[in-house]
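**Q** What follows is a predicted protein model with its sequence.
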Amino acid sequence: MHLFFAKKGNKLLNILLSVIFFARFGQILTSLLFKSGQPNALAFFHQTFTPFYYAAPACFYLYITGFLQDRKSLQKIEWLHFVPALLAVIHVIPWHFSATLNWELIGSQLAENGYFSLKTKSGLFPPYFHYLFRPILVFGYLCLTWIAVLRLKNKPQQILEGEGRKWIIFFLRIATFFQLFSLVPIILRSLHIPYVNAYFIVLNCLALLVILLYALHKPYIFYGYLLVAVDWTKKIATKKTETDSPLAPLSEEDPKRTPTAVKKINLLNAQLSDYALAMKEIMEGEQLYLVHDFQIIDLAAKLNLPIHHCSFVINKHIGKNFRDWINSYRVDHFLKQYPLKSDKITIEAIASEAGFKSLATFYNAFKKETGLMPTTYFAQELSR
């Protein structure tokens, strides 16, 4: 519900992801109901969640592709993906001319064989609408999603980097695991191997618990996507001022000031290394240091990490404050460009292209990195 009504982040992706989770919640809830033998409650909740079951595969496909393409809305033709969900709504409506449904029989079949083997009529359409059409829908969209992801290998410029790529691969693998796991009872039944369906429900719940615990220890997953906090660092920054906030972005005029974490940071060495590597990769890969006004808040937003985590990693693992760290990239860029452009444009122009807003900031950063002023440095280089 938080995802569905969230005002921050990509609203389209939030809604699609919320439908997927809601459908999964419905499966677990109705599993408990048909196991406990409560036909009245089962009738209500099964019919309520059925349209979500038929919408979830399309939502999964549209979420992955929408995430890869950074889309904010659906195209008109993409609404056709929800035709099965519309048919499911028609299926569960209690039409006055339809036959009375035997929910005790439906509950016993679900308890015995699981969702993909319901052979009793559960609505307006024939039984195969549930036991045949739904599996085809689920695995068809799963295949389409994998195809969409694998096609990116042929388009290197569209391949996701950093935490976004990790999240999509993680989410896709988890979904694939659960869908393939749901096939196990069907395979065992076809091989006439006895099994207890309740065990599979318990294993599903345990698997979800393990995944949740994993996500809690991965901030870019839990805070970046599951709780729709992609833009929360920007909100924090707007509420703070440079004088009273330890998380406020640094200014060019105050290069020595470093943000300090409000609370104690407890990160494992492996997490420190992973975050530091991610920061270096995105800084170097996208050349973010060339942006004049690039701040630590912008880096945190790109990595979907809290600002105080970014500050802590840069200070403790990289060994510099954010301003010195980003200026080291700018100085390195300047050193590479100066021999190529010094006869065409001024030092100030080259420094500006390297990301420095002012000449004074450039000179201070250059001396801090090399120990010399630019003219002295290049004079020594020429004398060698």
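**A** Thanks, I have the structure now.
**Q** and the next element down the chain from the least confident helix or strand in the chain by mean pLDDT?
**A** When each helix and strand of the chain is scored by mean pLDDT, DSSP states H and E, helix 232-239 comes last, with a mean of 39. Past helix 232-239, further along toward the C-terminus, the next helix or strand under DSSP states H and E is helix 269-285.
**Q** mean confidence for that following helix?
**A** Taken as a whole, helix 269-285 has a mean pLDDT of 83.
**Q** and it, what other elements does it pack with?
**A** Helices and strands touching helix 269-285, as assessed by 3 or more C-beta pairs under 8 Å, 6 or more residues apart in numbering; DSSP states H and E, comprise helix 162-181, helix 296-303, helix 307-313, helix 322-341. For the C-beta atoms, the positions are set from N, CA and C on the backbone; glycine is no exception.
**Q** As CSV, those with mean neighbour count would be great.
**A** Below are the helices and strands packed on helix 269-285 laid out as CSV (neighbours: other C-beta atoms under 10 Å):
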stretch, mean neighbour count
helix 162-181, 16
helix 296-303, 22
helix 307-313, 23
helix 322-341, 18
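**Q** how about these, which one is nearest Leu110?
**A** helix 162-181 (17.1 Å; C-beta to C-beta).
**Q** List phi and psi for Lys7.
**A** phi -100, psi -10 (degrees, to the nearest 10).
**Q** can you check Gly9 too?
**A** Taking degrees, to the nearest 10 as the convention, Gly9 sits at phi 80, psi -160.
**Q** how deep is it tucked in, by neighbour count?
**A** Neighbours of Gly9 under the rule other C-beta atoms under 10 Å: 19.
**Q** buried sites along stretch 91-109?
**A** For stretch 91-109, the buried set under the neighbour-count rule, 16 or more other C-beta atoms under 10 Å, comprises His91, Val92, Leu101, Trp103, Ile106, Gly107, Gln109.
**Q** wait, stretch 64-75
**A** Neighbour-count burial for stretch 64-75 flags Ile64, Gly66, Phe67, Leu68 (criterion: 16+ other C-beta under 10 Å).
**Q** Which phi and psi values does the closest residue in space to Leu3 that isn't next to it in sequence adopt?
**A** Using C-beta to C-beta, 6 or more residues apart in numbering and skipping the chain neighbours, the partner closest in space to Leu3 is Ser18 (3.7 Å). In terms of degrees, to the nearest 10, the main-chain angles of Ser18 are phi -70, psi -40.
**Q** Over to Ile193?
**A** Per degrees, to the nearest 10, the backbone of Ile193 is at phi -100, psi 120.
**Q** Would you mind measuring from it to Val184?
**A** Distance from Ile193 to Val184, counting by C-beta to C-beta, to the nearest Å: 10 Å.
**Q** If you count surrounding residues, which of the two has more?
**A** A count of neighbours by other C-beta under 10 Å puts Val184 above the other of Ile193 and Val184, at 13 against 9.
**Q** And Lys316, how far from His308?
**A** Noted for Lys316: a distance of 12 Å to His308, by C-beta to C-beta.
**Q** coming back round to it: redo the helices and strands packed on helix 269-285 as CSV? Include distance to Leu359 and mean pLDDT.
**A** Listed next are the helices and strands packed on helix 269-285 as CSV, based on distance: least, C-beta to C-beta, whole Å; pLDDT from 0 to 100:
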stretch, distance to Leu359, mean pLDDT
helix 162-181, 33, 80
helix 296-303, 23, 88
helix 307-313, 27, 84
helix 322-341, 12, 90
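**Q** Looking at those helices, which is nearest to Arg24?
**A** For Arg24, the closest of those is helix 162-181, at 8.1 Å, according to C-beta to C-beta.
**Q** isn't Gln380 right next to Met373, touching?
**A** No - using C-beta atoms under 8 Å, Gln380 is not in contact with Met373, being 10.9 Å away.
**Q** Strands - which of the buried residues of stretch 91-109 land there?
**A** Among the buried residues of stretch 91-109, none falls in strands (DSSP state E).
**Q** Restricted to helices, list those.
**A** Among the buried residues of stretch 91-109, the members found in helices (DSSP state H) are His91, Val92, Trp103, Ile106, Gly107, Gln109.
**Q** Hmm, Pro127 and the last one touching each other?
**A** Meaning Gln109. No - with contact defined as C-beta under 8 Å, Gln109 does not reach Pro127; the gap is 9.7 Å.
**Q** what touches both of these two?
**A** Both Gln109 and Pro127 are contacted by Leu118, Lys119, Thr120, under the criterion C-beta atoms under 8 Å, 6 or more residues apart in numbering.
**Q** sorry, back to before: what about the residue nearest to Leu3, how many residues close to it?
**A** With other C-beta under 10 Å as criterion, Ser18 counts 19.
**Q** tell me the contacts of it?
**A** Met1, His2, Leu3, Phe4.
**Q** Narrow those to those that are buried.
**A** Buried members of the contacts of Ser18, counted by 16+ other C-beta under 10 Å: Leu3.
**Q** Redo the contacts of Ser18 as a markdown table? Include distance to His81.
**A** Converted to a markdown table, the contacts of Ser18 look like this (distance: C-beta to C-beta, whole Å):
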| residue | distance to His81 |
| --- | --- |
| Met1 | 23 |
| His2 | 24 |
| Leu3 | 19 |
| Phe4 | 18 |
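**Q** which one among the contacts of Ser18 gets closest to Ser31?
**A** Using C-beta to C-beta, those come closest to Ser31 at Met1, 20.6 Å.
**Q** ok so, going back, I'd like the list of the buried residues of stretch 64-75 that fall within helices, please.
**A** Among the buried residues of stretch 64-75, the members falling in helices (DSSP H) are Ile64, Gly66, Phe67, Leu68.
**Q** how much space is there between the last one and Ile168?
**A** This points to Leu68. Separation of Leu68 from Ile168 (C-beta to C-beta): 7 Å.
**Q** Val83 too?
**A** Val83 is 26 Å from Ile168, by C-beta to C-beta.
**Q** same deal with Lys76?
**A** Lys76 sits 25 Å away from Ile168, going by C-beta to C-beta.
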